[in-house]
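Undergrad: need the 3D shape of this:
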Amino acid sequence: MTETTEHRFSGETLTPESAGYDAARSVFNGLVDRRPQRIMRCSSAEQVAAAIASARADGLPLSVYGGGHGVTGSAVVDGGVCVDLRGIDHVVVDADARTARVGGGATWGAFDAATQEHGLAVTGGRVSTTGVGGLTLGSGSGWLERAFGFVCDNLVSARVVTTDSRIVTASESENPDLFWALRGGGGNFGVVTEFTLRLHPLGPIVFGGMLLYPGFMAVDVLRNWRDYMLTAPDAVGSGVALITAPPAEFVPEPARGQPCVGVVIAYAGDPDEAPAVLAPLLEFGPPAANLCQPMPYVAVQQLLDPPNPKGMHNYWTGDFLTEFPDEAVEAWVEHGFPPVSPLTQLIVVAGGGAIARVDDDATAFGNRQSPFNLHMLGMWPPDPAQDEQNISHIRALSAAMKPWSTGSVYLNFIGDEGLTRVESAYGPEKYARLRGIKRTWDPDNVFRHNQNIPPA
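TA: You can find the predicted model right below:
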């Protein structure tokens, strides 16, 4: 490992011979099995700077491990240097200022636990093991987005280690072009070791949970949910998932293991007002199971943890919709059911609210006027014999929904689909601006093991 006096790495380095190497290189998606030459575990921005310098000095590709939850598995790189941020996982809350400083290796579970001690929150990942860094840089969709905006809309500043190992601050007043690019441009411009996020009063008790319906009601449930969400108050966060009913106590026995529809609800207003506000959802059906009630916000944030275990094989894609008419609803259900794997989740999330009121040019991420966002999450046990059938199912569903797609995409919802798909997430003007900023901050495209934006 080449080091300079200026950038001498003082953290722990794991190599393929080290104890703990295999555990350290594993990521959420079990389809990804990459072997870095070394994993450089960092506990400070200075150590990150040294790790970047050593990778560059040795001419090795570089990856950044935050939460490791991204379906592309870009946290690890074959034969290169993995800059491991998991030791930079602090969450420091300033309750008076309603802000939190959070390390680039922290997860949303830790973040939510720390902020909820003060009755504060911001939009966070729908699975608590998701990394704060990857979600924020990719814009940051979550249950609270209609109330408080995307995570990137609540970013106050970022501490960034650059390709030449400088440590800089990006905010509205310092390096504003970099700050603009970080809000939706992904990990293309540097390694963020600390985010400062704006918080909002919420919790610790909110109204939330899930409604469960049998699969044969899917079209009717989706139509009712769609019509309600088009005019719902901003405080209503919700999504509908075509899933397989788990073998759980709350599921009626005949429904277990059968196709079903789950309506997730997270209400950011007064919990006492929720039943009246949500009546068109709560009273529809009736559902086979109604798990909606006042509960800790952290419990709402962990609702989807059990069906999203680490190590399963995953293939994801997604699309924003221009509309969700009856024909689209019917196509979604027809091509989605029955799922190939009982672990697969086909999710529709409602847009609108706070995210739609931010000017489209305010951040790198756009697509703010789309009323609905599809997340096609194919998941199955780690058996290569099942790969082709499951991947084909997701691709066929995606193709069936293209007539209603905007042509754009939320990058955190897709795998490696090529540069054209990355460009479509931004549109030609924003993409050109991002490439120009990339040329300034990373002219050699060192940070390329991601949904890459090459320098102009």
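
Undergrad: low-confidence regions, the protein specifically.
TA: In the predicted model, the chain carries pLDDT under 70 at residues 2-6.

Undergrad: how much space separates the nearest residue to Leu212 once chain neighbours are set aside from Glu253?
TA: Sequence neighbours aside, Ala289 is the residue nearest to Leu212 in space, at 4.1 Å (criterion: Cβ to Cβ, 6 or more residues apart in numbering). C-beta: built from backbone N, CA, C; applies to glycine. Ala289 is 12 Å from Glu253, where distance means Cβ to Cβ, to the nearest Å.

Undergrad: who's more crowded, these two?
TA: The neighbour comparison of Ala289 against Glu253 (other Cβ atoms under 10 Å) goes to Ala289, with 20 against 8.

Undergrad: just want the phi and psi numbers for that one.
TA: With angles defined as degrees, to the nearest 10, Ala289 sits at phi -150, psi 140.

Undergrad: surely it is in contact with Arg256?
TA: No: checked against Cβ atoms under 8 Å, the pair Ala289 and Arg256 is beyond contact range at 11.0 Å.

Undergrad: who touches Ala276 in this structure?
TA: Counting by Cβ atoms under 8 Å, 6 or more residues apart in numbering, Ala276 touches no other residue.

Undergrad: send the alpha carbons of the host helix or strand of it over as PDB?
TA: Using DSSP states H and E, Ala276 falls within helix 274-277. Output of helix 274-277 as PDB, limited to C-alpha atoms (Å, rounded to 0.1, in the frame of the first residue of the first chain):
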ATOM      1  CA  ALA A 274     -55.600  10.300  11.900                       C
ATOM      2  CA  PRO A 275     -58.600   7.900  11.900                       C
ATOM      3  CA  ALA A 276     -60.900  10.600  10.500                       C
ATOM      4  CA  VAL A 277     -58.400  11.900   7.900                       C
END
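
Undergrad: how far away from the center of its chain is that helix?
TA: Helix 274-277 sits 28 Å away from the centroid of its parent chain (Cα atoms, centre = their mean, to the nearest Å).

Undergrad: got the buried residues for that helix?
TA: By 16 or more other Cβ atoms under 10 Å, the buried positions in helix 274-277 come out as Ala274, Val277.

Undergrad: do stretch 419-434 as well
TA: For stretch 419-434, by 16+ other Cβ under 10 Å, it's Arg421, Val422, Glu423, Ser424, Ala425, Tyr426, Lys430, Tyr431, Arg433, Leu434.

Undergrad: do stretch 19-31 as well
TA: Neighbour-count burial for stretch 19-31 flags Tyr21, Ala24, Arg25, Ser26, Val27, Phe28, Asn29, Gly30, Leu31 (criterion: 16+ other Cβ under 10 Å).

Undergrad: now what about it, what contacts it?
TA: Residues from elsewhere that reach stretch 19-31 (Cβ under 8 Å, 6+ apart): 14-15, 34-36, 39, 41, 67-73, 75-76, 82, 84, 129, 310-315, 382, 387.

Undergrad: quick check: PyMOL command selecting the buried ones in these.
TA: The buried subset of these, as determined by 16+ other Cβ under 10 Å, is captured in PyMOL by this line:
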select buried, resi 14+34+36+39+41+67+68+69+70+71+72+73+75+76+82+84+129+312+313+314+315
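
Undergrad: so the most centrally placed residue in the chain versus Gly104, what's the distance?
TA: The centroid of the chain falls nearest to Leu135 when counting by Cα atoms, centre = their mean (4.4 Å). In this view, Leu135 and Gly104 are 11 Å apart by Cβ to Cβ.
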